[in-house]
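Peer 1: Structure of the sequence below:
(chains A, B, C and D)
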Amino acid sequence: MTTHNDTTQYTSAEMMTITAARALTNNMTCFVGIGLPSEAANVARLTHAPDVTLIYESGTLQTKPEVLPLSIGDGELCESALTTVSVPEMFRYWLQGGHIDVGFLGTAQIDRFANLNTTVIAANHPEGGKNGAHSYANPRVRLPGGGGAPEISTNAKEVFITVKHSKRTFVKDVDFITTIGFGRDGKGRDNLPNIGRGPSVVITDLCILKPDPATKELIVTSLHPGTTKEDVIEATGWEIKFADSLETTPVPSEKELHVLRELKARTEKAHSAQEAI
Amino acid sequence: MTTHNDTTQYTSAEMMTITAARALTNNMTCFVGIGLPSEAANVARLTHAPDVTLIYESGTLQTKPEVLPLSIGDGELCESALTTVSVPEMFRYWLQGGHIDVGFLGTAQIDRFANLNTTVIAANHPEGGKNGAHSYANPRVRLPGGGGAPEISTNAKEVFITVKHSKRTFVKDVDFITTIGFGRDGKGRDNLPNIGRGPSVVITDLCILKPDPATKELIVTSLHPGTTKEDVIEATGWEIKFADSLETTPVPSEKELHVLRELKARTEKAHSAQEAI
Amino acid sequence: MTKFMTLKDAVATYVKDGDSIALEGFTHLIPFAAGHEIIRQKRRNLSLIRMTPDLIYDQLVGAGCVRKLTFSWGGNPGVGSLHRVRDAIENDYPCALETVEHSHAAMANAYEAGAAGLPLAVFRGYVGSELPLVNKEIASIICPFTGEQLAAIPAIKPDVGIIHAQKADRAGNVLIEGIIGVQKEVVLSAKRSIVTVEEIVDNLEVTPNACVLPAWTIDAIAVAPEGAKPSYTLGYYDRDNNYYKQWDNISRDRDSFNQWLESHVFGQGDV
Amino acid sequence: MTKFMTLKDAVATYVKDGDSIALEGFTHLIPFAAGHEIIRQKRRNLSLIRMTPDLIYDQLVGAGCVRKLTFSWGGNPGVGSLHRVRDAIENDYPCALETVEHSHAAMANAYEAGAAGLPLAVFRGYVGSELPLVNKEIASIICPFTGEQLAAIPAIKPDVGIIHAQKADRAGNVLIEGIIGVQKEVVLSAKRSIVTVEEIVDNLEVTPNACVLPAWTIDAIAVAPEGAKPSYTLGYYDRDNNYYKQWDNISRDRDSFNQWLESHVFGQGDV
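Peer 2: Residues are numbered from 1 along each chain as shown, chains lettered A, B, ... in the order given. Just a heads-up that it's a prediction; the model follows:
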């Protein structure tokens, strides 16, 4: 990890994390996925949203880690939590019970209806088929799997997604729906009163996307400073649309950059401290 | 409560409690009902079965109260327990999960197939019917209800019952099956592989009864010293049968009587200590 | 976010006529102070839910607040009957009382299902019992893997959940310790929740897996010292078993109950 | 009753070829020492169950102990792939590996149902996911009260449950503290259970609602200091995150893995 001390300069990764952090507000309870979402959620907590409630699937309620966890169950998460419950209780009472405002997820693949694939990459495989039923057994790339995401996406009141923008990641149709956004046709949540309203924002290193209220197709609502429409078109695997009132994402503040860089430096130091095998 | 210092003399109630206590052995886990079962279980623990595991439905695991609880959730039960779990966990994991060897129950009414009624007394009511469906809404006596018993009786591996013997209590058919013994015809547990084997012994102030292995009808297997067959026949609401090899219940030992009386004296003192309303 | 308020304001704000309400606490931590405040504010047509109605519901029923009672064991523990509840069931005094009767396992599972956001509880229950003949809520499902028939009852999701607990910190997080019953489930499943506490402290000082309810799961917290008496609060005061025994005489007679109500509930100042 | 024994004896007595085994611990308290002992005793055809296979199952799979894996998130947390698991799935090396894939919520519910003695778990899950297309275990039930369709999967009831915990008292009661995952469920649902602990103490010194497993729920307790490394034990040692990172290189190559196996597992003396 390269760190930058010049806060007028920032990387696109930093832009993404800070923009994602800004999506969280102080009074939200957020079920945090590991990796990019965890980084963003903790930047939010250390900047504009000191009382945001962070919950990890390991059972840690209202946790305030000093360094970013490498795994979903690092000791830091438990030691800084209000309390820690069992994993069945976490999924039954806290997630399915309706106490989570936002599920914050990353992904390996995302499609135009914000469906997420973290199971198998297989579209280019000779045996592969679009619906996953065929390609699953013999994938081109075997990904880690669903983890908490399938039920976070349906039991949280809404979902934020953060992921790096590339043509490999932003595909027209995911090879496999691990986690529903709005389904293969954008209507996957219709007539299901007991689930959340699904993805409301996707934050990438290039832009912010939101589902079109009618079709649920993801459209670009804000471009990060220095990013062009062409950059986004080039990095997206479908004919991406742009909002009529396209905004420019505000740049990171000095404080946000400082907090993010300090957090990453502390994290780097903490995770490298132990002995070799 | 009258106490007796002469241990060659004992009441029929003491005989009942001590005989019930003897049914428990050191390596059992026992789900304890309040009242007579609780008294017997704690006498067992304080005499021949110091390591018997007592569990109360309030969530207290492996509890060792100094005095008898008045309610199922007295502070004493929690303070002397190994740990205390929630009531849903108690019923789901510990009882239904199959960890209870013996459910120890009392009752208001019991019939020849060891079905228990703690819901309504209604057989003599002009509107009353035998199966309870009719008499329930307009009972002669409204009893407290099932509490933990219906599922203790089916989810514990076996059931012990202790209750005072009288014609009002020992009826041919209970007015309402709150808690199954062996059902209206003795076959109520047949072909149900996932429930326990039901009542194995009933201890009264007159005798010990056990279900006939074939018919499941309760028969007298042991008479307490000084009790005659006629006493039992007189106190039982059906044509009670006696085992061919009818035994005489051993008398309480000096130690058992001493422990029981001390326990009751401690309990009496503890429960009267507080101020008047 | 959580609001600290007086018990009077909490009940006035969150408890309405006709609500379904669970005041829970399994022998331990029974929220008597909150129950008395509901009586003082003369709420009517309440649908009360509690595994063990105990004295608290005997008092609410006797005071005429209640039209329906869901329960699984309706006695005065170790003492006898709940005379006010019986008078309401048998003689419609002071008003008629509808009852829904379950077993403890059923209600514990229904609270669990409510907290889990499910519409139903599934458990191995009521086998051979005649309670399903008199409670039309009790249904069943068939396991698609084994074919076993299991009991199913609706989840409990009260309008208002009310509990008493040891303490809250200044942010409004609440510690419950000892016999915790179904209290967590009640708060998590209720549309609105009120928690009374013995005291407010700077720091809950808990071990990693303590039963703590975060502030954002609670609508109102009211300080009510000795708010569980004659029930008890572990670490604060013991159960007043003698009060439970004396209640038998007080409640047996309508006049003596009404006198008690005047002097011990209506005669008490605001909390 | 519980038997204190060496880990070697515990595995020899309770773990058999062909068993279904859950070695659980959600990031925290992963029973590595027990896993290595299973490798040393060359158990074969195991059916392993774990929400996050983690390094422990990468090692067991790479060592050829496993024919079937049930899981819900199969990576090296924060690092990347489990290369030995992938090599088994993709190339049948060292032997073919059947997989059953769930979500975390599904497995957590299935463990809960196992502990609760039920044949199935019922939850609001897999809505819109294509996992039901590739996992024939996933079924559904209809709520008889609301008509809602809910996911149903079989309860997890392993032959052997293995966990690591902080400490046992001399009677064999075990304290688990911190991130407790599904460990209680594993011990309560398994036919046989083994618990490794950091130490044995005179008194667990716990608060009233601590996560304590009574001695009579456990078949064997073995003292295994640092038995969770490179995972961690709250209060004893931290997670060795660097080990997790280095595992990526060691496990990527069959030869380097086999060297690691020889020196770090087979080369280690009896525990």
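Peer 1: Ramachandran angles for the nearest residue to C:I21 once chain neighbours are set aside?
Peer 2: Spatially, and ignoring its direct neighbours in sequence, C:I21 is nearest to C:V160 (4.6 Å; CB to CB, 6 or more residues apart in numbering or on different chains). In this view, the C-beta of every residue, glycine as well, is placed from N, C-alpha and C. Dihedral angles of C:V160 (phi, psi; degrees, to the nearest 10) stand at phi -130, psi 130.
Peer 1: by contact count, what packs against the top strand by length along chain A?
Peer 2: Longest strand in chain A, counting residues (DSSP state E): strand A:241-248. Strand A:241-248 makes packing contacts with strand A:218-223 when contacts are defined by 3 or more CB pairs under 8 Å, 6 or more residues apart in numbering or on different chains; DSSP states H and E.
Peer 1: Which of the three states applies to the residue in the stretch 1-150 of chain A that chain D sits nearest to?
Peer 2: Nearest to chain D in the stretch 1-150 of chain A, going by CB to the nearest CB, is A:G73, at a distance of 2.6 Å. On the three-state scheme (DSSP: H, G, I helix; E, B strand; the rest coil), A:G73 is labelled coil.
Peer 1: One more: C:A113?
Peer 2: helix.
Peer 1: what about it, distance to B:E79?
Peer 2: 31 Å (CB to CB, to the nearest Å).
Peer 1: neighbour-wise, which of those two wins?
Peer 2: C:A113 (27 against 17; other CB atoms under 10 Å in any protein chain shown).
Peer 1: the strands in the stretch 51-200 of chain C, which residues?
Peer 2: With DSSP state E, counting those that start in this stretch as the criterion, the stretch 51-200 of chain C has strands at C:66-71, C:75-76, C:80-81, C:98-101, C:120-123, C:139-142, C:149-154, C:160-169, C:174-176, C:192-201.
Peer 1: Of these, which is nearest B:F31?
Peer 2: Among the strands of the stretch 51-200 of chain C, strand C:120-123 comes nearest to B:F31, with 15.8 Å by CB to CB.
Peer 1: Tell me the strands beside the closest one, with direction?
Peer 2: Strand pairing for strand C:120-123, determined by DSSP bridges: strand C:149-154 (antiparallel).
Peer 1: Show me how far the longest strand of chain A is from its chain's centre.
Peer 2: Offset of strand A:241-248 from its chain centre (CA atoms, centre = their mean, to the nearest Å): 21 Å.
Peer 1: Quick check: buried residues in it?
Peer 2: Going by neighbour count (16 or more other CB atoms under 10 Å in any protein chain shown), the buried part of strand A:241-248 is A:F242.
Peer 1: From what I see, the residue nearest to C:I21 and C:E24 are in contact.
Peer 2: No - using CB atoms under 8 Å, C:V160 makes no contact with C:E24, being 11.2 Å away.
Peer 1: show me the biggest helix of chain A in terms of residues.
Peer 2: Ranked by number of residues, the top helix in chain A under DSSP state H is helix A:254-271.
Peer 1: for it, packing partners?
Peer 2: With contacts taken as 3+ CB pairs under 8 Å, 6+ apart, helix A:254-271 sits against helix A:12-22, helix A:36-46, helix D:241-252.
Peer 1: Would you mind writing the CA trace of the longest one as PDB?
Peer 2: C-alpha atoms of helix D:241-252 as PDB (Å, rounded to 0.1, in the frame of the first residue of the first chain):
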ATOM      1  CA  ASN D 241      -2.700 -12.600  10.300                       C
ATOM      2  CA  ASN D 242       0.700 -12.900   8.800                       C
ATOM      3  CA  TYR D 243       0.500 -16.700   8.900                       C
ATOM      4  CA  TYR D 244      -2.700 -16.500   6.900                       C
ATOM      5  CA  LYS D 245      -1.000 -14.300   4.300                       C
ATOM      6  CA  GLN D 246       2.000 -16.700   4.100                       C
ATOM      7  CA  TRP D 247      -0.300 -19.700   3.700                       C
ATOM      8  CA  ASP D 248      -1.200 -18.400   0.200                       C
ATOM      9  CA  ASN D 249       2.300 -19.200  -1.000                       C
ATOM     10  CA  ILE D 250       2.700 -22.500   1.000                       C
ATOM     11  CA  SER D 251      -0.600 -23.900  -0.200                       C
ATOM     12  CA  ARG D 252      -0.400 -22.700  -3.900                       C
END
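Peer 1: picking up where we left off before, what's the distance between the residue nearest to C:I21 and A:D212?
Peer 2: Applying CB to CB, the value for C:V160 to A:D212 is 40 Å.
Peer 1: which residues of the chain fall in helices?
Peer 2: As the question left the chain open, I've gone with chain A. Under DSSP H, chain A gives helices at A:12-22, A:36-46, A:75-79, A:87-89, A:149-155, A:229-234, A:254-271.
Peer 1: I was thinking of chain C, sorry if that wasn't clear
Peer 2: Using DSSP H, the helices of chain C run over C:7-14, C:32-40, C:54-62, C:83-91, C:104-115, C:131-134, C:183-189, C:241-252, C:254-260.
Peer 1: and the third one, how far out from the chain's middle?
Peer 2: Mean-position distance between helix C:54-62 and its chain equals 11 Å (CA atoms, centre = their mean).
Peer 1: same question, the fourth one
Peer 2: Shown here is helix C:83-91, whose average C-alpha point lies 19 Å from the average C-alpha point of the whole chain (CA atoms, centre = their mean).
Peer 1: Quick check: buried residues in that helix?
Peer 2: Neighbour counts over helix C:83-91 (16+ other CB under 10 Å) mark C:83-89 as buried.
Peer 1: circling back to that earlier point, could you say which of the helices of chain C is packed most deeply?
Peer 2: By mean neighbour count, with neighbours taken as mean count of other CB atoms under 10 Å in any protein chain shown, helix C:104-115 ranks first of the helices of chain C at a mean of 30.
Peer 1: per-residue pLDDT, the nearest residue to A:Q96 once chain neighbours are set aside?
Peer 2: Excluding the flanking residues, the one nearest A:Q96 by CB to CB, 6+ apart is C:G117, at 4.4 Å. We have a pLDDT of 98 for C:G117.
Peer 1: ok so, going back, right, and the helices of chain A - which one's nearest C:E226?
Peer 2: Taking those one by one with CB to CB, helix A:87-89 is closest: 30.9 Å.
Peer 1: To what extent is the closest residue to A:L68 other than its chain neighbours buried, counted in neighbours?
Peer 2: Using CB to CB, 6+ apart and skipping residues adjacent in sequence, the residue nearest A:L68 is A:T267, 4.3 Å away. Residues lying near A:T267 (other CB under 10 Å) number 21.
Peer 1: is it true that A:T267 touches A:V67?
Peer 2: Yes - contact criterion CB under 8 Å: A:T267 and A:V67 qualify, at 4.3 Å.
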